[in-house]
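Trainee: Provided below are the primary sequence and the corresponding predicted coordinates.
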Amino acid sequence: MSMSVSGKVVLITGAARGIGAQTARVLAGRGARVSLVGLEPDELEAMAAELGPKHRWFEADVTDPASIEAAVSDTVTTMGGIDVVIANAGVAPFGTVRGHDPRAFTKTVDVNLNGVFHTARAALPHLIDRRGYLLAVSSLSAFAPIGGMAAYTASKAGCEALASALHSEVAHHGVAVGSAHPSWIDTDLVRDVSSDLPTFSEMRRRLPWPMRSTTTVERCGRALADGVRRRARRVYVPRSIMLMHWLRNVPAARFTGLLMRPLTRRLMPKMEREVADLGRSFTARNQQLNIERTGTD
């Protein structure tokens with residue numbers, strides 16, 4: 001069942017930049033009224049100004065239930081309700097399990113998995129009222145894990161599983177739930193990690209097709225907006241990633257692991273050294289946001 005987004009209220013977390021911001025642009029261009037939610041007030045205000053007077057922004061931390069509940073409540077008060085939620089807020093640390101900062105691992109799960117839970121829980125009464133749609137932004141990594149991204153992979157796999165369980169829980173209310181699975185999207189986050197870690201760039205280049213595909217943020221925004229229109233159960237960006245989803249439980253998945261083994265044997269120790277030399281587990285931008293929000297690094 002498809003729907004027009006014209007006149008619909010769409011709440012997007014992680015809307016200050018990247019995938020969230022671009023999806024907001026596409027949906028606003030199709031007539032939706034967008035509630036921009038995130039941690040960066042200056043960027044959110046600028047996005048709302050770019051989109052026009054029908055749109056609003058709210059500063060909120062998806063890891064704090066009271067914070068995201070306030071953003072949802074304010075959206076309903078000022079915009080009249082919520083028809084669609086895109087739970088997009090996410091972080092991507094780097095490093096192997098052996099060398100990972102435990103705080104960074106926990107933070108990643110808190111944002112990428114718990115944040116989706118807090119967002120969905122706060123918004124569900126309003127989505128039920130309007131028989132709406134929730135799209136949780138997972139990743140290709142949820143079903144095609146690679147070394148050096150254990151925290152991200154685990155959190156995004158959990159995000160997919162949460163969306164699947166929620167889909168079963170609320171279907172009888174007329175609410176649809178889907179998960180989106182982008183591959184490498186040309187955002188500042190991916191560029192920042194590539195700049196920080198040469199091994200990350202090399203590993204991306206050597207992944208088998210379609211795992212190495214890079215997609216523009218514009219194309220990703222259109223794909224997510226199209227998924228909203230279709231109330232899609234799955235959104236793959238690019239569509240070829242669907243192949244990896246269906247192959248993850250068959251022998252081809254083992255073949256991919258064997259194919260990558262010589263590369264990971266060489267690159268993982270090098271990545272551990274690079275992360276240790278950096279002295280941080282997130283990009284400089286995300287590390288600063290974390291310090292500003294929590295007072296810790």
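Mentor: Received, thanks. Numbers count the residues shown, from 1 in each chain.

Trainee: Just to be sure, Gly31 is in a strand?
Mentor: No - for Gly31, which was evaluated using DSSP: H, G, I helix; E, B strand; the rest coil, the result is coil, with no strand membership.

Trainee: Could you list every helix and strand that the helix or strand hosting Gly178 packs against?
Mentor: Secondary structure assignment for Gly178, by DSSP states H and E: strand 176-182. The contact analysis (3 or more CB pairs under 8 Å, 6 or more residues apart in numbering; DSSP states H and E) places strand 176-182 against strand 133-137, helix 150-170, helix 217-230, strand 234-237. Any C-beta I mention is one placed from the backbone N, CA and C, and that applies to glycine too.

Trainee: at 10 Å what do you get?
Mentor: When contacts are defined as 3 or more CB pairs under 10 Å, 6 or more residues apart in numbering; DSSP states H and E, strand 176-182 sits against helix 18-29, strand 84-87, helix 115-130, strand 133-137, helix 150-170, helix 217-230, strand 234-237, helix 242-247.

Trainee: Pro238 - how many residues pack around it?
Mentor: Pro238 is surrounded by 17 other residues when neighbours are defined as other CB atoms under 10 Å.

Trainee: do the same with the one 3 residues further on
Mentor: Neighbours of Ile241 under the rule other CB under 10 Å: 22.

Trainee: check contacts around His55.
Mentor: For His55, the contacting residues are 9-10, 15, 24, 27-28, 32-36, 47-49, 79, by CB atoms under 10 Å, 6 or more residues apart in numbering.

Trainee: so how far is Gly38 from Phe58?
Mentor: 8 Å (CB to CB, to the nearest Å).

Trainee: The two: which has the busier surroundings?
Mentor: Neighbours were counted for Phe58 and for Gly38 using other CB under 10 Å; Gly38 has more, 26 against 23.

Trainee: isn't that one right up against Trp57?
Mentor: Yes - counting by CB atoms under 10 Å, a contact exists between Gly38 and Trp57, whose distance comes to 7.9 Å.
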